[in-house]
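[1] One predicted model, sequence on top.
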Amino acid sequence: MVWLLRQCTKCGRYTLRQDRCPVCGGAVKIPHPAKFSMDDRYRRYKLKMRRMARAEA
Ligand SMILES: [Zn+2]
């Protein structure tokens, strides 16, 4: 479950909290988007392909 980790944008600490850093209260971000971004990119790619196919038809 690595992708559940968040990294604080302020102090750089890793946390499992989704909303903010438990240490400094800073905003958290996903450190290295793993599967989700891959799926998202693939989905976007498919959508683009579908749009192109529709434009040609
Ligand atoms: Zn922090």
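    Alright, I've got the coordinates.
[2] Up against the ion, what does this protein have?
    8, 10, 11, 21, 23, 24, 26 (C-beta under 5 Å from the ion). Just so you know, the C-beta spots here come from the backbone N, C-alpha and C atoms, and that holds for glycine as well.
[3] Might one say that residue 4 is in contact with residue 15?
    No - judged on C-beta atoms under 8 Å, residue 4 makes no contact with residue 15 at a distance of 9.9 Å.
[4] The two: who's more crowded?
    Between residue 4 and residue 15, counted using other C-beta atoms under 10 Å, the more crowded position is residue 15 (16 against 10).
[5] Just say helix, strand or coil for residue 52.
    helix (DSSP: H, G, I helix; E, B strand; the rest coil).
[6] What separation do you get for it and residue 17?
    Residue 52 sits 41 Å away from residue 17, going by C-beta to C-beta, to the nearest Å.
[7] Let me see the backbone angles for residue 43.
    Backbone torsions of residue 43, given as degrees, to the nearest 10, read phi -60, psi -40.
[8] In the protein, what helix or strand scores lowest on average pLDDT?
    The helix or strand of the chain with the lowest confidence, counting by mean pLDDT, DSSP states H and E, is helix 35-56 at a mean of 79.
[9] Run a quick neighbour tally on the closest residue to residue 10 other than its chain neighbours.
    Of all residues not flanking residue 10 in the chain, residue 26 sits nearest, at 3.0 Å (C-beta to C-beta, 6 or more residues apart in numbering). Neighbour count of residue 26, defined by other C-beta under 10 Å: 15.
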